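**Q** Show me how the following folds:
(one chain, ligands or ions: 3)
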Amino acid sequence: MEGLIIKSIGGIYTIDASDGVYECKARGVLRKRGITPVCGDTAVFSAEEKVMTDILPRKSLLVRPPIANLDILIFVISTCEPAPSLLLLDKFIAVAEYKKIEPAVVFTKIDKQSAQRYEEIYKKAGISCFQVDNTNADGGAELTRLREMLRGKLCAFTGNTGVGKSSLMNNIFPGMELSTGEISKKLGRGRHTTRHIQLYPLEGGGYVADTPGFSSFDTNRYDTIYKDELAGCFREFAEYTDKCRFIDCSHTKEIGCAVIQAVEDGQIAPSRHESYVQMYTEAKELKEWERGQQPRGERE
Ligand SMILES: Nc1nc2c(ncn2[C@@H]2O[C@H](COP(=O)(O)OP(=O)(O)OP(=O)(O)O)[C@@H](O)[C@H]2O)c(=O)[nH]1
Ligand SMILES: [Mg+2]
Ligand SMILES: [Zn+2]
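**A** Ligands and ions are numbered 1, 2, ... in the order given. Presented below is the predicted three-dimensional model:
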C-alpha cells in the first residue's frame, strides 16, 4: 500500500492512505540504505505487518523543517515580538527557490506594527505576500487569499517561534484547534508551543504542515547554496544578471554590474541585495573552510 507520511514521532510514522490512517515502523533496510523517511514522503507499507518498506522518489527534501515534496513554503514573520530579521527571511526564501519550492511570506501582528514597508520589498521581488492580525479570527480577504493559494497543494508554515504560525493556521482553518503559546515576557520569545511537524489534510484536497519554530540562536544553520548558484535564488535578479559587464560578475561590487545598477535605480530592494552579499560572503568562506578541512576527492 502507499500513503502520505503525516507525522513522525519516536520512530512511529503516521501514514494517510486512501482508506484510512495507519501507524508503522520503518524496516531496518531503509536505514541501511541511508534513507530517513520524513513528513511529506509517500510511504510504501504493509498494513498487516505495520511496517514501511520503502518511500517513493522525492521531488525535493527540505532540511529545515524536514519535509519532502513541498509545493509551497510559507514564511511567517512577525512585525514585532520577535522582531523581524530580513536576512533570515531572505536566507530561507533562497533555500526554497534553490529547491524549486514556491516561497510565500505572511507578516503577522500587524495590529501592533505596520508591515507595509516589508510587504513592498517582497512584492517588488515577485513573492506572494500576506498581512494578518491573528487576534482577529475573521481575517477577511487575506485569509481567503491564503486558503485559495493552499488548496490542493502540499504546504508548510515555518518561521521563528512565537511569530504566530499556529494562531494563523487556526484562523485559516477554523476547527483545526492547534495549541498556541504566550510569548515568555522574560525571554521575549515563544516557548516552542508546537513540538513536532504534522501535516493536516485540507477540505477539497491538499495538506498543510504546522512546524515548531526555531529560536534566533540557530538561525545560521540552513542548507548551503554555493556562491555561483546564489544569484539564481533571488528571482528578481534574473532579468539583470546577463546584462553585467563581466560574464563572471558576482553582483557584489563589480563595476558595470546590472544588478547593482537595478538597486540604485530602485528596481531591486537594497535589503534584498544586502542579504545576497552577506550570503555570498558566507558561501565563499564556507567553501574555503571546507577545502581546508577535507582532503581532495572526498567531497561530492
Ligand atoms: N497581537 C498579536 N498577537 C499574536 C498574533 N499572532 C500570534 N499572536 C500571539 O503570539 C503568541 C505565539 O503564537 P503561536 O501561534 O503559538 O506562535 P507559533 O509561531 O506557532 O510558535 P511555535 O509553535 O513556538 O513555533 C500567542 O500568544 C499568540 O496569541 C497577531 O497577529 N497579533
Ligand atoms: Mg506553533
Ligand atoms: Zn553583476
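**Q** ok, which stretches of the stretch 1-150 of the chain are helices?
**A** 28-32, 86-98, 116-124, 141-150 (DSSP state H, counting those that start in this stretch).
**Q** Give me the contact list for the first one.
**A** Defining contact as CB atoms under 8 Å, 6 or more residues apart in numbering, one finds that helix 28-32 is touched by Thr36, Pro37, Met52, Thr53, Asp54, Ile55. Bear in mind the C-beta positions are built from the backbone N, C-alpha and C, glycine included.
**Q** rerun at 10 Å
**A** Contact with helix 28-32 is made by Ile35, Thr36, Pro37, Ala43, Val51, Met52, Thr53, Asp54, Ile55, as judged by CB atoms under 10 Å, 6 or more residues apart in numbering.
**Q** Quick check on those residues: which are buried?
**A** Pro37, Ala43, Val51, Met52, Asp54, Ile55 (16 or more other CB atoms under 10 Å).
**Q** Could you check how far the closest residue to Gly256 other than its chain neighbours is from Glu236?
**A** Leaving aside its sequence neighbours, Gly256 sits nearest to Arg245 (CB to CB, 6 or more residues apart in numbering; 2.8 Å). Per CB to CB, to the nearest Å, Arg245 is found 20 Å from Glu236.
**Q** out of these two, which sits in the busier spot?
**A** Glu236 (18 against 10; other CB atoms under 10 Å).
**Q** Poorly predicted segments of the stretch 101-250 of the chain, please.
**A** For the stretch 101-250 of the chain, the stretches with pLDDT under 70 are 182-192, 215-223.
**Q** Can you show me the strands along it?
**A** 102-108, 128-131, 154-158, 198-201, 207-210 (DSSP state E, counting those that start in this stretch).
**Q** how about Ile74, what does it touch?
**A** Neighbour list for Ile74: 96, 102-106, 128, 130, 146, 149-150, 155-159, 165, 168-169, 208-209 [criterion: CB under 10 Å, 6+ apart].
**Q** mind checking pLDDT for it?
**A** Listed pLDDT for Ile74 reads 96.
**Q** from here on, count from 52
**A** Taking 52 as the first residue, the last one we looked at is Ile125.
**Q** Identify the bridge partners of it.
**A** Ala155, Phe208 (DSSP bridges).
**Q** Gln249 now?
**A** Beta bridges link Gln249 to Lys58, Asp261, judged by DSSP bridges.
**Q** Report the contact partners of it.
**A** Residues in contact with Gln249 (CB under 10 Å, 6+ apart) are Ile57, Lys58, Ser59, Ile60, Thr65, Cys90, Leu229, Tyr258, Val259, Ala260, Asp261, Thr262.
**Q** Now neighbour count and distance to ligand 2 too, for the residues you listed, in a markdown table please.
**A** Listed next are these as a markdown table, based on neighbours: other CB atoms under 10 Å; distance: CB to the ion, whole Å:
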| residue | neighbour count | distance to ligand 2 |
| --- | --- | --- |
| Ile57 | 20 | 17 |
| Lys58 | 18 | 15 |
| Ser59 | 20 | 17 |
| Ile60 | 11 | 16 |
| Thr65 | 19 | 19 |
| Cys90 | 26 | 15 |
| Leu229 | 16 | 6 |
| Tyr258 | 23 | 17 |
| Val259 | 22 | 13 |
| Ala260 | 24 | 11 |
| Asp261 | 24 | 6 |
| Thr262 | 23 | 8 |
